[in-house]
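Novice: Fold the following.
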Amino acid sequence: MLEKIFHLKQNHTTVKIEIIAGLTTFSTMAYILVVNPLILSKTGMDLNAVIVSTALATAIGCLMMALYANLPIAQAPAMGLNAFFAYTIVLGMGYTWQFALTAVFIEGILFIMLSLLNVREAIINSIPSNLKYAISVGIGVFIALIGLVNAGIIETGMVHIGNNKLDGVIVKLGDMKSNAAILVIVALLISAVLLYKKINAALLIGILIATIIGIPLGLTHLPVGGKLISMPPSIAQVFFKLEFSKIFSLDMVIILFTLLSVNLFDTVGTLIGCCSAGGLLKDGKIPNVKKALLSDAVATTSAGILGTSVISAYIESAAGIASGGKTGLTTFTVAIMFLLSLFFAPLFAMIPAAATSSALIIVGLLMMGEVKHIDFSDITNALPAFLAIVMMPFTYSIAEGISFGMISYVLLKVLSGRYKEVSIAMYILAALFIVGFIVK
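Specialist: Okay, the predicted model is just below:
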């Protein structure tokens, strides 16, 4: 039955490999069960209800990607957009969280329409291969940065050079003597040795060992009273709490444009990056891309109804792909784990952020391998690729990295007289990105 649904033999994989890959992906993104509700609760939403809605919306997104698109790419509420939901729409603009949920719901409907009309698919196919590889590399660096920051190995703040104080958001070395940093280094070495020995569960084993080591270091917190199972609370307080009274306003237009643009290119970047790293691209194209985009759109629509923020493909999926995941069975496993997390939340909450950091760093390393496909001999290809790579970690945004890459690609081709190499879709996208920068 699993073979018929997921075509395991055709994709040269097994049930064991796919399940391990799914467990690895889940372990690297399980933090969303805590982080997303904490952010959305700032708006007045019930924390416990949002924990449940986050798990359910994530499970729906993963099941769609697994059973409909058959891709090993998990989906969950997007980091960044949940902050936009809470701190901009509600706390900044003064709207209710019900209004924000309505914006999420409408965005999902619009995404379904754009996916059915092949607009999103056309955007992905219009991106040059050189930039696609650059997006993969950039995401790899971004993922590694997230892992290093989570571990406290890298931090931001003021830097002192002699008697001069440089004030601003400057990346610097963190406290290498901290327990978190030590834990990550140990887990990194263990995972690297296991990968050298070609053990498919290397990243997952590294995470589990790091979780155990984290107990005496005070980083892994055992459940109070040893209670590992609990019944999930009700989502009645946030379920279907939509507010349509102010949807025909300029603010809603601005909100929808922001949600659509950021989510679109975060998803595009993640799909390209993960599929490229996993060797899943076929003639430079993502398999079942229309189904993948529809999965994302349906999941976002359900998120608005269930009571959580925009759903997007997760870059942490690269951890599972690096562990051998090639089909939707990987994502199906992630969905099951999120549903189980509703009952075993105390158990999954034990995994410290530092324990998953080693996996993210190694995934960044593996995705860096795509750099060999980039044409650095032609400056009109090299510079856009370079900007796409470096601007992702520097701006802490996949979408911003893609925008810099696309704009510079179009401008360089036009200014060098090679404008015929640029597709109409790329011209339109570059223009939209430029407008986006102007109106920010």
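Novice: Would you confirm that residue 207 contacts residue 356?
Specialist: Yes. Using C-beta atoms under 8 Å, residue 207 makes contact with residue 356 at a distance of 5.7 Å. For every residue, glycine as well, the C-beta is placed using N, CA and C.
Novice: Got the phi and psi for residue 172?
Specialist: Note on residue 172: backbone dihedrals following degrees, to the nearest 10 are phi -150, psi 170.
Novice: Distance of it relative to residue 152?
Specialist: Residue 172 sits at a distance of 12 Å from residue 152 (criterion: C-beta to C-beta, to the nearest Å).
Novice: ok, these two, which is more surrounded?
Specialist: residue 152 (19 against 12; other C-beta atoms under 10 Å).
Novice: tell me which residues of stretch 53-69 are tucked away?
Specialist: Buried residues in stretch 53-69, defined by neighbour count with 16 or more other C-beta atoms under 10 Å: 53-67, 69.
Novice: now, which of those sits nearest residue 342?
Specialist: Closest approach between the buried residues of stretch 53-69 and residue 342, by C-beta to C-beta: residue 55, at 5.3 Å.
Novice: next helix or strand past the strand or helix carrying the closest one?
Specialist: Using DSSP states H and E, the element containing residue 55 is helix 47-64. As assigned by DSSP H and E, the chain's next helix or strand after helix 47-64 is strand 75-77.
Novice: Can you show me the strands along the stretch 251-400 of the chain?
Specialist: Secondary structure of the stretch 251-400 of the chain (DSSP state E, counting those that start in this stretch): strands located at 311-313.
Novice: where are the low-confidence patches of it?
Specialist: Applying pLDDT under 70 to the stretch 251-400 of the chain flags residues 261, 345, 348-349.
Novice: gap between residue 194 and residue 211?
Specialist: Relative to residue 211, residue 194 is positioned 15 Å away (C-beta to C-beta).
Novice: Could you do residue 132 as well?
Specialist: Taking C-beta to C-beta, one finds residue 132 at 35 Å from residue 211.
Novice: Could you identify the longest helix within the protein?
Specialist: helix 250-277 (DSSP state H).
Novice: What residues sit buried inside that helix?
Specialist: Quick answer for helix 250-277 (16+ other C-beta under 10 Å): 252, 255-256, 258-260, 262-277.
Novice: cool, and stretch 101-121?
Specialist: In stretch 101-121, counting by 16+ other C-beta under 10 Å, buried: 101-108, 110-112, 114-115, 120-121.
Novice: Residue 85: which of those residues is nearest?
Specialist: residue 104 (7.3 Å).
Novice: leaving aside the residues next to it on the chain, what's closest to that closest one?
Specialist: Distances taken as C-beta to C-beta, 6 or more residues apart in numbering place residue 304 nearest to residue 104, at 3.9 Å, with adjacent residues excluded.
Novice: same thing with residue 392?
Specialist: residue 401 (3.3 Å).
Novice: Now do the SS call for the one you found.
Specialist: helix (DSSP: H, G, I helix; E, B strand; the rest coil).
Novice: Isn't it up against residue 391?
Specialist: Yes. Assessed by C-beta under 8 Å, residue 401 is found in contact with residue 391 at 4.2 Å.
Novice: what residues are shared contacts of these two?
Specialist: By C-beta atoms under 8 Å, 6 or more residues apart in numbering, residue 401 and residue 391 have these common neighbours: residue 138.
Novice: Same drill for these two, tell me which one is more crowded.
Specialist: More crowded of residue 401 and residue 391, by other C-beta under 10 Å: residue 401, with 27 against 21.
Novice: quick one: contacts for the more buried one?
Specialist: 135, 138, 142, 269, 387, 388, 389, 390, 391, 392, 395.
Novice: now, among these, which is nearest to residue 346?
Specialist: Closest to residue 346, out of all of the contacts of residue 401 and judged by C-beta to C-beta, is residue 142, at 30.8 Å.
Novice: So the closest one sits against residue 391, correct?
Specialist: No. Between residue 142 and residue 391 there is no contact under C-beta under 8 Å: 9.8 Å.
Novice: for the spatially most central residue of the chain, what are its contacts?
Specialist: Nearest residue to the geometric centre of the chain (C-alpha atoms, centre = their mean): residue 314, 2.7 Å. Counting by C-beta under 8 Å, 6+ apart, residue 314 touches 25, 29, 73, 74, 75, 76, 270.
Novice: and if you look at residue 270?
Specialist: Residue 270 makes contact with 73, 139, 312, 313, 314, 315, 317, 398, according to C-beta under 8 Å, 6+ apart.
Novice: if you set the cut-off to 6 Å instead, what comes out?
Specialist: Counting by C-beta atoms under 6 Å, 6 or more residues apart in numbering, residue 270 touches 313, 315.
Novice: Neighbour count: residue 132 and residue 211, which is higher?
Specialist: Taking neighbours as other C-beta under 10 Å, residue 132 and residue 211 compare with residue 132 leading, 26 against 20.
Novice: quick one: the more buried one and residue 274 touch, right?
Specialist: No. Residue 132 sits out of contact with residue 274 when judged by C-beta atoms under 6 Å, with a separation of 11.7 Å.
Novice: could you give me the average pLDDT of the helix holding residue 55?
Specialist: Averaging pLDDT along helix 47-64 gives 94.
Novice: what helices or strands is that helix leaning on?
Specialist: Counting contacts by 3 or more C-beta pairs under 6 Å, 6 or more residues apart in numbering; DSSP states H and E, helix 47-64 packs against helix 32-40, strand 75-77, helix 289-306, helix 328-341.
Novice: Just the CA atoms of it, as CSV, please.
Specialist: Provided in CSV are the C-alpha atoms of helix 47-64 (Å, rounded to 0.1, in the frame of the first residue of the first chain):
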residue,chain,number,x,y,z
LEU,A,47,-2.0,30.2,24.2
ASN,A,48,-3.2,26.6,24.7
ALA,A,49,-5.8,26.8,21.9
VAL,A,50,-3.1,28.1,19.5
ILE,A,51,-0.8,25.2,20.4
VAL,A,52,-3.6,22.8,19.2
SER,A,53,-4.4,24.9,16.1
THR,A,54,-0.7,25.1,15.2
ALA,A,55,-0.3,21.3,15.4
LEU,A,56,-3.5,20.7,13.4
ALA,A,57,-2.7,23.2,10.7
THR,A,58,0.8,21.8,10.4
ALA,A,59,-0.6,18.2,10.1
ILE,A,60,-3.0,19.3,7.4
GLY,A,61,-0.2,21.0,5.4
CYS,A,62,2.1,18.0,5.8
LEU,A,63,-0.7,15.5,4.8
MET,A,64,-1.5,17.5,1.7
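Novice: Need the contact partners of that helix.
Specialist: The list of residues contacting helix 47-64 from outside it, by C-beta under 6 Å, 6+ apart, reads 33, 36-37, 40-41, 74-77, 232-233, 235, 237-238, 295, 298-299, 302-303, 306-308, 311, 331, 334-335, 338-339, 341-342.
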